[in-house]
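Peer 1: I would like the atomic coordinates for the input below:
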Amino acid sequence: MDERRELLILGGGLVGMTLALAAAKQGIASHVVDRADPAELTADDFDGRASAISTASWNLFSNIGLGERLEPYGCPIDSIAVTDAMRPGRIDFRPKPEEGSLGRMFANRDLRLALFEAAKDEKLISWHAPVDVVKRERGEHGVSATLSDGRVLHASLMVAAEGRRSPTRDEAGLKLAHWDYQHRAMIVGLNHEKSHSNVAWEIFYLTGPFALLPMRDGPDGQHRSALVWTVAEKDAAGTLALSERAFLAEVDKRMQGIFGKISLNSRVSSYPLGFQHTARMTGQRLVLAGDAAHGIHPIAGQGLNLGLRDVGALVEVLVDGMRLGLDPGDAQILERYERWRSLDNFTVSATCDSITRLFGVKGRAASAIRRFGMAGVQRLPALKNFFMDEARGMSGKLPSLLQA
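Peer 2: Here you go, the predicted structure:
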């Protein structure tokens, strides 16, 4: 039987491991359990998967000692261009010089490597992977997880950070609102002739968003971007079956030559798109974090950032509560986390869902109305600043770990 720790984190992905590291910096010990093999998650091949890290999330990484490790791998997002099918009336989001970039783009593999390497050196993190959880128990005085290898882990608070299909959430009976967009995201890395100039493009077509996200140049100086192309589910199989030449032709048609000649630098991967949101993020000695609590459309690149805001808030309420002598699983601590995170998560999730539906309305009239509205935003600095603060994660009440 392993020693009892404050946290039992089920799910050692980007959110779960960030939570373990952030907690450790505050003297809080964790068991982290994951069924995936870390060696496979950090294998030396780029699969096109990348994440936009907002300004607030970057502050979190810096505050827990990962900034120096990650800095060489990130590509700044200096501006975001939003357009309705490349027609006139686009919005250009560009922050003031003193505000820095709108965020940074990282290959998910680089984020995982930095997190895993830091976790290996942290004595307050007991890492169990790859292994399955075969039994979970939550009682009045603590929680436990029985692993497939027979070990039993004990802690004061259980954290479900297993992603959208969280078995811990489902087993706890926390209700989930969800629906399927009937779309699939095609993800791939691109090399291109012209520099992206650190601009992220969000191009809205009636068939779905088409996002080009700036990545650092390759080892031989190749200009690179990550593509997230949304297609209807009924067209997904056919799109995946295209030859490389035919796939590139379809991509090039939608890019309209903005980056010049293009080629693939990774395999094409895909995943279905849906919305989900839990009615509550807490239960008896249980909290949800990341996609286990809220799964949103990747339209604004806010999914991981929402999860990292969960991390910052949870660590802060734990530290404050434990300073007062409360047990980490105390209902008062969990209720504060619930109040802090539920509204923000719901607001961002609903906004992303609304934008997805708005740009999916067909017809010339709808397109004209969208472009008129976008042109209005372009001319109103106060409104643009509001959207940029949201994109940077700098709006609302921020946990101290997410502040500079």
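Peer 1: tell me which other helices or strands the longest helix anywhere in the chain touches.
Peer 2: The helix that spans the most residues within the chain, counting by DSSP state H, is helix 331-358. With contacts taken as 3 or more CB pairs under 8 Å, 6 or more residues apart in numbering; DSSP states H and E, helix 331-358 sits against strand 269-278, strand 282-283, strand 286-288, strand 294-295, helix 303-323. For the C-beta atoms, the positions are set from N, CA and C on the backbone; glycine is no exception.
Peer 1: can you tell me which of those is most buried?
Peer 2: The highest mean neighbour count among the helices and strands packed on helix 331-358, using mean count of other CB atoms under 10 Å, belongs to strand 286-288: a mean of 27.
Peer 1: any idea how far the residue positioned nearest the centre of the chain lies from residue 62?
Peer 2: Central residue of the chain (CA atoms, centre = their mean): residue 304, 1.5 Å from the mean position. Using CB to CB, to the nearest Å, we find residue 304 at a distance of 16 Å from residue 62.
Peer 1: equivalent analysis for residue 212, please.
Peer 2: Going from residue 212 to residue 62 by CB to CB gives 27 Å.
Peer 1: isn't the residue nearest to the centre of the chain right next to residue 14, touching?
Peer 2: Yes - Residue 304 is in contact with residue 14 according to CB atoms under 8 Å; the separation is 6.1 Å.
Peer 1: need the residues touching each of these two.
Peer 2: 51, 290 (CB atoms under 8 Å, 6 or more residues apart in numbering).
Peer 1: and residue 212 and residue 62? Which one has more around it.
Peer 2: residue 212 (24 against 15; other CB atoms under 10 Å).
Peer 1: where's the nearest residue to the more buried one once chain neighbours are set aside relative to residue 77, distance?
Peer 2: Spatial nearest neighbour of residue 212, chain neighbours left out: residue 201 (4.1 Å); criterion: CB to CB, 6 or more residues apart in numbering. Remark: distance between residue 201 and residue 77 (CB to CB) = 11 Å.
Peer 1: tell me which of the two has more neighbours.
Peer 2: Comparing residue 201 with residue 77 by other CB under 10 Å, the one with more neighbours is residue 77, at 26 against 22.
Peer 1: for the more buried one, give me its contacts.
Peer 2: Residue 77 is in contact with 52, 101, 102, 103, 104, 105, 198, 199, 200, 213, 214, counting by CB under 8 Å, 6+ apart.
Peer 1: which of those has the most neighbours?
Peer 2: Result: residue 103 is most packed of the contacts of residue 77 (other CB under 10 Å), 28 neighbours.
Peer 1: list the contacts for residue 182?
Peer 2: 232, 233, 234.
Peer 1: can you check residue 317 too?
Peer 2: Contact analysis of residue 317 by CB under 8 Å, 6+ apart lists 333, 336, 337, 340.
Peer 1: OK, contacts around the last one?
Peer 2: If I follow you right, that is residue 340. 313, 317, 397.
Peer 1: least trustworthy helix or strand in the chain by mean pLDDT?
Peer 2: Ranking every helix and strand in the chain by mean pLDDT, DSSP states H and E puts helix 364-379 at the bottom, with a mean of 66.
Peer 1: so in the chain, which strand runs the longest?
Peer 2: Identified as the longest strand of the chain according to DSSP state E is strand 176-192.
Peer 1: next, the angle from that one to helix 331-358.
Peer 2: Relative orientation of strand 176-192 and helix 331-358, computed by axes from the mean of the first three to the mean of the last three CA atoms, to 10 degrees: 60 degrees.
Peer 1: rounded mean pLDDT for strand 176-192, please.
Peer 2: For strand 176-192, mean pLDDT rounds to 94.
Peer 1: tell me the one of the contacts of residue 317 nearest residue 86?
Peer 2: residue 340 (39.9 Å; CB to CB).
Peer 1: pLDDT score for the closest one?
Peer 2: 96.
Peer 1: separation between it and residue 309?
Peer 2: To residue 309, residue 340 is 9 Å away according to CB to CB.
Peer 1: kindly report the same for residue 93.
Peer 2: Residue 93 is 20 Å from residue 309, by CB to CB.
Peer 1: check residue 56 too.
Peer 2: For residue 56, the distance to residue 309 equals 7 Å [CB to CB].
Peer 1: need the overlap of contacts for the two.
Peer 2: 393, 398, 402.
Peer 1: doesn't the second one lie inside a helix?
Peer 2: Okay, so that is residue 398. No - with DSSP: H, G, I helix; E, B strand; the rest coil as the criterion, residue 398 is coil rather than part of a helix.
Peer 1: who's in contact with it?
Peer 2: 56, 309, 312.
Peer 1: can you pull out the low-pLDDT segments for this protein?
Peer 2: 1-2, 46-48, 300, 358-361, 363-372, 374-377, 379-380, 383-384 (pLDDT under 70).
Peer 1: for it, just list every one of the helices.
Peer 2: Counting by DSSP H, the chain has helices at residues 14-25, 38-41, 55-63, 67-70, 108-120, 167-172, 233-240, 244-255, 303-323, 331-358, 364-379, 381-392.
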